[in-house]
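Peer 1: Sequence below, structure please.
(one chain, ligands or ions: 2)
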Amino acid sequence: IASRLPDIGTSIFSIMSKMALDHGAINLSQGFPDFSIDEKIIHMVQRYMLEGNNQYAPMPGAPALRNIIAKVIENTYTHTVNPETEITITAGATEGIFAIIAAFISPGDEVILFDPSYDSYNPSIRLNGGIPIHINVSPPDFSIDWDIVRSKISSRTKMIIINTPHNPCGSVLHEKDLRALEQIVLEHNLLVLSDEVYERLIFDGIKHQSVLRYKALASRALAVFSFGKTFHATGWKAGYVVAPEYLTKEVRKTHQFIVFSVNTPVQLALAEYMQTRDHYESLGTFYQKKRDFFLEHIKGSSFEPLPCNGSYFQLVSYKNISKKGDVEMAEEITKKFKVASIPVSVFYQDRTDNHLLRFCFAKMEETLERACEILRKI
Ligand code: PMP
Ligand code: GLN
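Peer 2: Residues are numbered from 1 along each chain as shown. Ligands and ions are numbered 1, 2, ... in the order given. This is a model prediction of the structure:
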């Protein structure tokens, strides 16, 4: 039987997490916290379940959750969204991304994306008949040259995908980027899929540049968020899409046939928990401390860290250690030294290898300390 994705194997996240498990390695590969989430929210889920909230949620999401999200967006980005018509709760950002692409990309439509890119974008585009147009960006800052973007636009271009703060680079987009994007999008009548799952994980006093801050851009944008990142609960697979009504209407059509709706008690608990702002407002400081802890402890090793202004990933160059390819290097360090990471070349369609590894620092200090102790010896 002909495969629709013949070149795609198991995702690198599954491969490296399994390798870590099989070899008893410290797992800094797949991005997820190794510490527990706030017990309060667990009790809330339990209470909502015991109270009988165990049937289908409304297709676009529990109203209570959409209402609080709208309030938080208003407070954070001074952007007004109508929770009735402009917010859709999805089964994680992954489903949101797929639902958006399925809603708008027809066979032959081109979608511009920047490599390194998150691994679900390309297959989601292709499964819907779209043509991914990859533009490589490079270390150390992975900045986007908007003139190159312009040169790649054709009459078939339908969408541009951005991701800030960035996985795997830890880079962020700045106001000038959003302004350039806004101009291009308006000029060429394009849509923007803005992956903002790390909106709160941003450091050094930098302000997150959400598309929602830019009125004209927001009128053509679909922003994707994830509770997995913001509430340390990647296993809950809950996220949301924010877009103007005319776009949301289309996303809900695909969403309703992908999952229809998302876990009811989790949505209700998230809505209640989000009433207190402390958690998400302190996330930047929380993760900046972890980044700094990792950087402090990797000092004295032969790995060279790259700048990291957001996300929970730190890139390091191993060019002082080996000339090996990054896939081989990640495998060797996992098996021989027992620390798992992610090779960055897998995020490039053309497998550009800059000899970089990605380490996830969403871990307890003792985990990071143990890992760095090993890394300093390599
Ligand atoms: N986009 C990016 C950039 C991510 O890093 C992730 C998760 N690692 C996702 C989307 C998917 O988020 P979720 O787990 O909520 O599906
Ligand atoms: N987004 C997480 C990462 O980058 C993993 C998500 C997944 O495993 N699909 O590591």
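Peer 1: rest of the way, CA atoms for contacts and neighbours
Peer 2: Noted.
Peer 1: where does stretch 55-74 sit relative to the chain's centre, distance-wise?
Peer 2: Offset of stretch 55-74 from its chain centre (C-alpha atoms, centre = their mean, to the nearest Å): 21 Å.
Peer 1: in that stretch, what counts as buried?
Peer 2: Buried residues in stretch 55-74, counted by 16 or more other C-alpha atoms under 10 Å: 57, 59-63, 65-73.
Peer 1: and if you look at stretch 80-87?
Peer 2: Neighbour-count burial for stretch 80-87 flags Val81, Asn82, Pro83, Thr85, Glu86, Ile87 (criterion: 16+ other C-alpha under 10 Å).
Peer 1: May I have stretch 190-208 as PDB, with CA atoms only?
Peer 2: The C-alpha coordinates for stretch 190-208 follow below in PDB (Å, rounded to 0.1, in the frame of the first residue of the first chain):
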ATOM      1  CA  LEU A 190      -1.700  35.400   3.200                       C
ATOM      2  CA  LEU A 191      -2.600  33.600   6.500                       C
ATOM      3  CA  VAL A 192      -0.200  33.200   9.400                       C
ATOM      4  CA  LEU A 193      -0.100  30.200  11.700                       C
ATOM      5  CA  SER A 194       1.600  31.500  14.800                       C
ATOM      6  CA  ASP A 195       2.900  28.700  17.100                       C
ATOM      7  CA  GLU A 196       3.100  30.400  20.500                       C
ATOM      8  CA  VAL A 197       3.100  27.400  22.800                       C
ATOM      9  CA  TYR A 198       6.100  28.900  24.700                       C
ATOM     10  CA  GLU A 199       4.500  32.400  25.100                       C
ATOM     11  CA  ARG A 200       5.100  32.400  28.800                       C
ATOM     12  CA  LEU A 201       8.600  30.900  28.700                       C
ATOM     13  CA  ILE A 202      10.500  34.000  27.700                       C
ATOM     14  CA  PHE A 203      13.500  35.400  29.600                       C
ATOM     15  CA  ASP A 204      15.700  38.400  30.200                       C
ATOM     16  CA  GLY A 205      12.900  40.900  30.300                       C
ATOM     17  CA  ILE A 206      12.000  40.300  26.700                       C
ATOM     18  CA  LYS A 207       8.300  40.800  25.800                       C
ATOM     19  CA  HIS A 208       6.600  38.000  23.900                       C
END
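Peer 1: I'd like the buried residues of stretch 80-87 laid out as TSV, including secondary structure, pLDDT and distance to ligand 2.
Peer 2: Shown next, in TSV, are the buried residues of stretch 80-87 (DSSP: H, G, I helix; E, B strand; the rest coil; pLDDT from 0 to 100; distance: C-alpha to the nearest ligand atom, whole Å):
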residue	secondary structure	pLDDT	distance to ligand 2
Val81	coil	98	27
Asn82	coil	98	28
Pro83	helix	98	26
Thr85	helix	98	28
Glu86	helix	98	25
Ile87	strand	98	22
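Peer 1: Save those residues as CSV, and put in distance to Gln267 too.
Peer 2: Below are the buried residues of stretch 80-87 laid out as CSV (distance: C-alpha to C-alpha, whole Å):
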residue, distance to Gln267
Val81, 19
Asn82, 18
Pro83, 14
Thr85, 18
Glu86, 17
Ile87, 13
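Peer 1: Distance from the helix or strand bottoming out on mean pLDDT in the chain to the middle of the chain?
Peer 2: Sorting the helices and strands of the chain by mean pLDDT, DSSP states H and E puts helix 278-281 at the bottom, at a mean of 83. Here helix 278-281 shows a centroid-to-chain-centroid distance of 19 Å under the convention C-alpha atoms, centre = their mean.
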